[in-house]
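Trainee: Provided below are the primary sequence and the corresponding predicted coordinates.
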Amino acid sequence: MGYLENWGPAIKWWDNNMPGNCLMGCFKNEALLETMKSYSALNYGFAFLTQNPDPDQDGCGTKSPAGPCPEWDGQNIYLAKSGKADSAAVNSGTTIDKPTSSVVAVTEVVRMGRMHPDGPKRVKIVLGGWSDYARLASAEKGAAAAKLMAKFVAHTFADGVDMDMEHLTPYATMGKEWEGFASFVTTLRSEFDEVAKNWVSNVAAKKAGLDSWYNSMEDWAKGNVKDYYQTTAKYLDEVASNPVPHLEISWCTRFNAFLPANNSWNYLYEDSIIPNATYETDNEGQNLWPQVGHMIDTVNIMAYDAGGIHINMETVMQNFVAFSGDPDIAAKMNIGFEAGEQAAGGVWEGLEADKQFAKFAKDNQFGGAMIWAANPNPAQQPKGSTLCPELAAALVDVLEPEYAWGAGDWTKCNSAGWWPSSEDVISV
C-alpha cells in the first residue's frame, strides 16, 4: 500500500475540460498510472479537519513551532486551507449530482485505480496527516466527522477511509479525544452500511449530474471534454454492475502503539541509543484497540521519522500482536517504510533491510507493507522521489501483493488514462 501525495509535479491545478476545473488539484493521468504500478492499494492524502493545515507546526501551544490546536468546526471536511476557493470537500450542502472539485479529483484517482492497465488497485481517502492540527474533542464531533467522510466515500465511490490522526495523545489532555476517535470509527462503520445500500442509486445520481454538465455545453466544448465524459459514463456503468466493494477502515499509527509494560524500548537493536525520555504516544493503541479494533480492517505502522534510534521492525510487529490482546491483528498489519529523506532526523534503514522486514511480514502471515510516499515531491525529497518507487518495485517480488476483498471486472484504461478506443485492445 502506498500513500499518494496530492501535491507536487504530478498535479495539475487547472483544467477547463473537467467539472470544477481541478481547482483543488487533479493528478496528471500518465503520472498517476506510473505511480500506481507497483501497488495493490493506495491512500489519497490528505483530507483535513483543520482550517489551516501547517506542516511546520510541531505541537500545541503559543510558541513556534507549536501552534493552535482548535476543535474542528464540525461543518466541513477540507482539502486545503479554508480560505481557498472550493476548499471544502464535503459538507451538509454537498450533493452527488453537483460535485465539489475535491470530489472530482478523488473520483478520478479511484477510477484510474480500478481501470489500471496492470489490474485494479484499491483507493481510500486519508483523513488527517501530520499537518492536521484540529481536534475532534468529543464523541459528538467524532460522529459528525464520520458522517461527512462516509459522504465523501459515497460521492467518489472510494474503497474506504484511512485515519491518519497523529496527535491523539496530546489532544486527549485538551478534550475527550479517545471518545471522539472511538465514535468516529463506530459511526463510520455504520454509515458505510448505508453507503453500500445506496451504491447503485448513487451511481444513477452521479450519472445524471454528469449528463447535465455535459448537455449544458456548446457543441465545440463537448468535443473538448469527450474523453473525460465518455470514460466517466462508461466507468460508472461498471461501478453499478460490479459488486459493492468492501468499504475499508484503516488506522495509521506509530511503531510504539503497543509495548510491554516493563520495557518501553524493547524494539531497539542493542547498538541503538536509548533516548532520555519515552515518547508521549507510547502504548497509544491501548486507548483505542479494545474499543474499536474489531471494526478496523487495516493498520498501517509508521516505523520511520524517529531520529537517533535503530528500530527492529520484526519486534514492532510482534509487539502489536503480543500487547494488543488481539491475535487477529497480525493479518491487518502493514509495516511502513520511508525510503530517502525522513522527518525528525530519521535515517532510512536501506533497501535490503526493508526487503527482509517485508519477507518476515509475509512469512509470518502479517498483512504486508506500506510506503510513505508513493510519489514524493522531488523538490522536497530528491532522494525519496527516486528511492520510494524503487523500493515499491523491489517489494512486489517479496510480497506478491493481491487485490483485497475481490476485484470485480473492470475495463483497463489506455496509456493516457481514458476508456480504450476501437484501436486499443480492450481487456477486463
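Mentor: Arrived safely, thanks for sending. Residues are numbered from 1 along each chain as shown.
Trainee: residues touching the closest residue to N17 other than its chain neighbours, list them.
Mentor: Nearest non-adjacent residue to N17, counting by Cβ to Cβ, 6 or more residues apart in numbering: V225, 4.6 Å away. The way it works is simple: take the backbone N, C-alpha and C, and place the C-beta from them, glycine included. Contact analysis of V225 by Cβ atoms under 8 Å, 6 or more residues apart in numbering lists 17-18, 214, 217.
Trainee: V225 and D15: what is the separation?
Mentor: V225 sits 10 Å away from D15, going by Cβ to Cβ, to the nearest Å.
Trainee: Domain parsing of the protein, as residue ranges.
Mentor: Domain assignment of the chain by automatic domain parsing yields the ranges 13-246, 255-403.
Trainee: what's the closest of those to S421?
Mentor: Shortest distance between S421 and the domains of the chain, using Cβ to Cβ, is found for domain 13-246: 9.5 Å.
Trainee: now the end-to-end length of that closest one.
Mentor: One end of domain 13-246 sits 32 Å from the other (Cα to Cα, to the nearest Å).
Trainee: what distance separates that domain from the middle of the whole chain?
Mentor: 9 Å (Cα atoms, centre = their mean, to the nearest Å).
Trainee: now the helices for the protein?
Mentor: 29-36, 101-114, 139-156, 168-171, 177-197, 199-215, 219-224, 226-241, 289-292, 313-324, 351-363, 384-399 (DSSP state H).
Trainee: Take these and lay them out in JSON lines including mean pLDDT.
Mentor: Below are the helices of the chain laid out as JSON lines (pLDDT from 0 to 100):
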{"stretch": "helix 29-36", "mean pLDDT": "98"}
{"stretch": "helix 101-114", "mean pLDDT": "98"}
{"stretch": "helix 139-156", "mean pLDDT": "98"}
{"stretch": "helix 168-171", "mean pLDDT": "97"}
{"stretch": "helix 177-197", "mean pLDDT": "98"}
{"stretch": "helix 199-215", "mean pLDDT": "98"}
{"stretch": "helix 219-224", "mean pLDDT": "96"}
{"stretch": "helix 226-241", "mean pLDDT": "98"}
{"stretch": "helix 289-292", "mean pLDDT": "98"}
{"stretch": "helix 313-324", "mean pLDDT": "98"}
{"stretch": "helix 351-363", "mean pLDDT": "98"}
{"stretch": "helix 384-399", "mean pLDDT": "98"}
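Trainee: Compare those helices and give me the one nearest V299.
Mentor: Counting by Cβ to Cβ, V299 lies closest to helix 313-324 out of those; the figure is 7.1 Å.
Trainee: So what touches the closest one?
Mentor: By Cβ under 8 Å, 6+ apart, the surrounding residues in contact with helix 313-324 are 255, 257-260, 266-267, 283, 285-286, 289, 293, 299, 301, 303, 327, 329-330, 333, 335, 357, 360-361, 364, 366.
Trainee: Let's see that with 6 Å instead.
Mentor: Outside helix 313-324, the residues that touch it by Cβ atoms under 6 Å, 6 or more residues apart in numbering are 255, 258, 267, 289, 303, 329-330, 333, 335, 357, 360, 366.
Trainee: how about the CA coordinates for it, as PDB?
Mentor: Provided in PDB are the C-alpha atoms of helix 313-324 (Å, rounded to 0.1, in the frame of the first residue of the first chain):
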ATOM      1  CA  MET A 313      10.700  -3.800  12.800                       C
ATOM      2  CA  GLU A 314      10.200  -7.500  13.500                       C
ATOM      3  CA  THR A 315       9.900  -6.700  17.200                       C
ATOM      4  CA  VAL A 316       7.500  -3.900  16.400                       C
ATOM      5  CA  MET A 317       5.200  -6.300  14.500                       C
ATOM      6  CA  GLN A 318       5.400  -8.900  17.300                       C
ATOM      7  CA  ASN A 319       4.600  -6.200  19.900                       C
ATOM      8  CA  PHE A 320       1.300  -5.300  18.100                       C
ATOM      9  CA  VAL A 321       0.300  -9.000  18.300                       C
ATOM     10  CA  ALA A 322       1.500  -9.600  21.800                       C
ATOM     11  CA  PHE A 323       0.300  -6.500  23.600                       C
ATOM     12  CA  SER A 324      -2.800  -5.500  21.700                       C
END
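Trainee: Quick check: buried residues in that helix?
Mentor: Within helix 313-324, the residues scored as buried using 16 or more other Cβ atoms under 10 Å are 313-314, 316-321, 323-324.
Trainee: what's the angle from that helix to helix 351-363?
Mentor: Angle, helix 313-324 to helix 351-363, by axes from the mean of the first three to the mean of the last three Cα atoms, to 10 degrees: 40 degrees.
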